[in-house]
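>>> Build me a structure from this.
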Amino acid sequence: MSVVASGDAALDVAAKLGATFDREAADRDAQRSLPHDQVKALKASGLLAITVPTEYGGIDAPATVVAEVFRTIAHADPSLAQIPHSHFTFLEALRLQGSDSQKSYFYPQVLAGALLANAQSERGPHTIDIDTTTLVAQPDGSYVLSGRKFYSTGALFADWVVVRASVADGSGAPPQASTPKAVAFVAPDTAGVDIVDDWDGMGQRTTASGTVTLADVVVPREHVVPFTPIFANPTTYGARAQLWHSAIDVGIATGALAEGVRQAGRARPHFEAGTDTAAEDPTLVNVAGELTVQVRGAQALLAEAARQVDAAGRHPGPESAAQASVAVAVAKVAAVRASLDASSGLFDLGGTRSASASENLSRFWRDARTHTLHDPTRWKLQHIGRYALTGAPPPRHGQI
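Residues are numbered from 1 along each chain as shown. Modelled structure (predicted):
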């Protein structure tokens, strides 16, 4: 188990991991071969512990560093970048709402390489802000957890599956959006936990985002962390979660653009161009220029959003939290557009040969199209616009 001693070291480790992850990413996607060895390498790298607070033995890496770690890994393999997304998000929940004893229990495990994975999303007909999965308090202080979760990214690789659930009030009434929620840290081998690899998305194919079924799972009280209180006051919880998503999208964009440039170097020039190489074709030069501006713009907005998140962490308050959330929303919109355009534009750069199934270049677009569905940018534009026109702060939840 390696120890990452600084932000610069984290970036160096991420670059080296990315180089190894990139080598067989296309084959893993084509065969839907789950990245067990790569996740083991991620756990051993020390990167999973970079946000652990210094008082618990970590380096409390700034958002600027964490975002670039995500982008670097996503540049190589977006599925591998998405697997630890919930890990860092729930570490933030632990930091904000965990007790001293909970932090003292879970942080050392993370420092030793433990991976947290999510079990949050449920299928309808209810909206996503309602969790029908419930935690029911028992006389001995423990809880019983029951329900079913879908899109549980990385659960097959996890040392702890973190389940978001409604805390039952004993009335027997079905949970509502207003029902208090908590997150339960559950070991995958706990009785009543069933994790099924049934993810069949067209993209992000190796994230192991399957189904988690929880049948009367007993959870110690010390493994349950309040979730609803996170949003009682202004925090950067949602901004951080969305920043990591944005970094994955920017990583897809930079990876797709790099692949497009490589493909252009192999492509034949169009006969009307009158050039010796495709890279000299002025129409292709224009395509490369447009995509470069868009992708670099998304990178710059990602870095600026990360700086805003760090600033809000240093000087917390309603205005700094709002500024951070809006900056991240702007970055997310730009990242989505860049990832979709770059992953489509790479075929313009590469020409007919790049459509060969053996190259599997469609994975860039499939990953982008799948991951960018995670939360709708049309609502981010609403919050950005209101803030710009009236100064209205965005709502407090995990998607802004």
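>>> those helices in the stretch 51-200 of the chain, which residues are they?
All helices of the stretch 51-200 of the chain, identified by DSSP state H, counting those that start in this stretch, fall at 63-76, 78-82, 85-97, 100-111.
>>> how far out from the middle of the chain is the first one?
In this view, helix 63-76 has its centroid 10 Å away from the chain centroid, taken as CA atoms, centre = their mean, to the nearest Å.
>>> still on that earlier bit, got the helices of the stretch 51-200 of the chain as CSV, with mean pLDDT and distance to Met1 columns?
Where C-beta positions appear, they are placed from N, C-alpha and C, glycine not excepted. Below are these laid out as CSV (pLDDT from 0 to 100; distance: least, CB to CB, whole Å):
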stretch, mean pLDDT, distance to Met1
helix 63-76, 98, 17
helix 78-82, 98, 19
helix 85-97, 98, 16
helix 100-111, 98, 8
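>>> Who are the contact partners of Val212?
Taking CB atoms under 8 Å, 6 or more residues apart in numbering as the criterion, Val212 is in contact with Ala119, Arg148, Lys149, Ser152, Ala155, Val161, Val163, Val193, Asp194, Ile195, Val196.
>>> The third one is in contact with Ala117, isn't it?
Spelled out, it's Lys149. No - because the distance of 10.6 Å does not satisfy CB atoms under 8 Å, Lys149 is recorded as not touching Ala117.
>>> Neighbour count: these two, which is higher?
Between Lys149 and Ala117, counting by other CB atoms under 10 Å, Ala117 is the more crowded of the two (28 against 25).
>>> And the pLDDT at the more buried one?
Looking at Ala117, its pLDDT stands at 97.
>>> what's the farthest-apart pair in the contacts of Val212?
Greatest spatial distance among the contacts of Val212 (CB to CB): Val163 and Val196, at 15.0 Å.
>>> Between the two, point out the one with more neighbours.
More crowded of Val163 and Val196, by other CB under 10 Å: Val163, with 28 against 12.
>>> Just give the number of residues close to the residue lying closest to the more buried one once chain neighbours are set aside.
In space, Val163 comes closest to Ala119 once its chain neighbours are excluded; the distance is 4.3 Å by CB to CB, 6 or more residues apart in numbering. Other residues lying near Ala119 total 31 when counted by other CB under 10 Å.
>>> Kindly reformat the contacts of Val212 as CSV containing distance to Gln204.
As requested, the contacts of Val212 are arranged in CSV below (distance: CB to CB, whole Å):
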residue, distance to Gln204
Ala119, 17
Arg148, 21
Lys149, 17
Ser152, 13
Ala155, 14
Val161, 19
Val163, 21
Val193, 23
Asp194, 22
Ile195, 17
Val196, 17
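>>> circling back to that earlier point, of the helices of the stretch 51-200 of the chain, which is nearest Gly274?
When these are compared (using CB to CB), the closest one is helix 63-76, at 34.7 Å.
>>> This completes my enquiry, with thanks.
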